[in-house]
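Asker: okay, here's the prediction I keep looking at, along with the sequence it came from:
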Amino acid sequence: MDEVLFKHNFTFKKKFGQNFLTDPNLLHAIVADAGVNERTTALEIGTGAGALTRALSERAKRVVSYEIDKSLQPVLAETLSGCENVEVVFRDFMREALCAVERELGEEYLVVANLPYYVTTPVVMKFAEESERCRGLTVMVQEEVARRFCAEAGSSDYGAVTAALARRGSAKITRLVSRTLFTPRPNVDSAVVKVDFTEGGFEVRSAKAYRETVRCAFLNRRKTLENNLMSSFSLSREEAKALLKELNVPDGARGETLTPPRLGALSDLLFAQRLFS
Ligand code: SAM
């Protein structure tokens, strides 16, 4: 891998979060954690030099991989040669409409990626909030971010991303990964998180209402939920109090004390009051 990068004068770009993996055992372990098999369509965000892409290609039916950095084109032509089931799309994934990506994929899929750290949370939020055919994500992220994905309500790690993922399924850390396994070496350790959208989620009356309720609950963590509700939904204090009373939320509670299903119940109440356009 190093020789191919060198041969093509490739320089690592920090702004794109380029920390590549090469350890074959780890790459195969990530693919196994994801549960990829010969029926799987895998979507990767961040092809890099193609190490994880190739490992996916060996197990999956089809791999679609997005890469923002076109200077990797000659590298990938070499490292992915012979991988007939791989399609690399040289575009910024964050600028893609997920519904268009899903239309192109044409079937259910799994996201498997060593995510660029600077867009980790927006990428994961995009799948949690908008995806219709995603069965789950197995992603390498910074360890501290991984803990947020799996956090318990009330803990300091619990936040909007935890609640967004919890509505869709269950999240768990499958392995911790030392910074020494990346080139170039980052300043922090990482972890692989598996989010399974096929089990453990819950229904809400409106996904949009849930999204806005979650944003409101974590809008200002130092404020009470009552105050956040008043400012987010233009409610009077009496109206906000009445809503929280219906859910038996104690006076002065903060948003972070509500578990994701309780946030779901709150969003259903707000939805019933037609507070969403
Ligand atoms: N998958 C490779 C690996 O495991 O070695 C590379 C992972 S590296 C952490 C992240 C990759 O994502 C980089 O190649 C980077 O150029 C690419 N990337 C960064 N932002 C992106 C974006 N918005 N859309 C698509 N790819 C992006």
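Answerer: Cool, the structure landed. Residues are numbered from 1 along each chain as shown.
Asker: wait, is residue 192 part of a helix?
Answerer: No - per DSSP: H, G, I helix; E, B strand; the rest coil, residue 192 lies outside any helix segment and is strand.
Asker: next up, the contacts around it.
Answerer: 29, 30, 33, 138, 139, 140, 146, 173, 174, 175, 177 (C-beta atoms under 8 Å, 6 or more residues apart in numbering). In this view, the C-beta of every residue, glycine as well, is placed from N, C-alpha and C.
Asker: out of those residues, which sit inside helices?
Answerer: Using DSSP state H, the members of those that fall in helices are 29, 30, 33, 146.
Asker: so which residue of the protein lies furthest out from the middle?
Answerer: Going by C-alpha atoms, centre = their mean, the residue of the chain most distant from its centre is residue 238, 36.9 Å out.
Asker: what packs against the host helix or strand of it?
Answerer: Under the criterion of DSSP states H and E, residue 238 resides in helix 237-246. Helices and strands touching helix 237-246, by 3 or more C-beta pairs under 8 Å, 6 or more residues apart in numbering; DSSP states H and E, are helix 225-233, helix 260-272.
Asker: how about those in CSV, adding mean neighbour count, distance to the ligand and mean pLDDT?
Answerer: Putting the helices and strands packed on helix 237-246 into CSV (neighbours: other C-beta atoms under 10 Å; distance: least, C-beta to the nearest ligand atom, whole Å; pLDDT from 0 to 100) gives the following:
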stretch, mean neighbour count, distance to the ligand, mean pLDDT
helix 225-233, 20, 29, 96
helix 260-272, 20, 28, 96
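Asker: so can I have CSV of these showing distance to residue 40?
Answerer: Shown next, in CSV, are these (distance: least, C-beta to C-beta, whole Å):
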stretch, distance to residue 40
helix 225-233, 40
helix 260-272, 27
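Asker: which one of those lies closest to residue 74?
Answerer: In terms of C-beta to C-beta, the element of these nearest to residue 74 is helix 260-272, at 45.3 Å.
Asker: returning to that earlier point: against residue 258, how distant is the residue farthest from the centre of the chain?
Answerer: Look at residue 238 and residue 258: by C-beta to C-beta, to the nearest Å, they are 20 Å apart.
Asker: same check, this time on residue 66
Answerer: Taking C-beta to C-beta as the measure, residue 66 falls 35 Å from residue 258.
Asker: now the strands for the protein?
Answerer: For the chain, applying DSSP state E gives strands covering 20-21, 41-45, 62-66, 86-89, 109-114, 134-142, 170-177, 182-183, 190-196.
Asker: of all those, which lies closest to residue 242?
Answerer: Judging these by C-beta to C-beta, what sits closest to residue 242 is strand 170-177, at 33.1 Å.
Asker: quick one on the thing from earlier: turn the strands of the chain into a markdown table, including distance to residue 98 and mean pLDDT.
Answerer: As requested, the strands of the chain are exported to a markdown table (distance: least, C-beta to C-beta, whole Å; pLDDT from 0 to 100):
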| stretch | distance to residue 98 | mean pLDDT |
| --- | --- | --- |
| strand 20-21 | 25 | 97 |
| strand 41-45 | 10 | 98 |
| strand 62-66 | 12 | 98 |
| strand 86-89 | 14 | 98 |
| strand 109-114 | 11 | 98 |
| strand 134-142 | 9 | 98 |
| strand 170-177 | 19 | 98 |
| strand 182-183 | 27 | 96 |
| strand 190-196 | 15 | 98 |
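Asker: surely residue 271 touches residue 211?
Answerer: No - Residue 271 is beyond contact range of residue 211, at 11.3 Å (criterion: C-beta atoms under 8 Å).
Asker: residue 113 and residue 42 touch, don't they?
Answerer: No - at 9.1 Å, residue 113 does not count as touching residue 42 under the criterion of C-beta under 8 Å.
Asker: who touches stretch 159-170?
Answerer: Contact partners of stretch 159-170, identified using C-beta under 8 Å, 6+ apart, comprise 121, 124-125, 128-129, 136, 148-151, 153, 171, 195-202, 204, 207, 210-211, 214-215, 217-218, 256, 260-261, 263-264.
Asker: selecting buried members of those residues in PyMOL, what would you type?
Answerer: To isolate the buried ones among these in PyMOL, judged by 16 or more other C-beta atoms under 10 Å, type:
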select buried, resi 121+124+125+128+129+136+148+149+150+151+153+171+195+196+197+201+204+207+210+211+214+217+218+256+260+261+263+264
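Asker: hang on, the earlier thing: among the contacts of residue 192, which two are most distant?
Answerer: Pairwise over the contacts of residue 192, using C-beta to C-beta, the maximum falls at 29 and 146, 15.4 Å.
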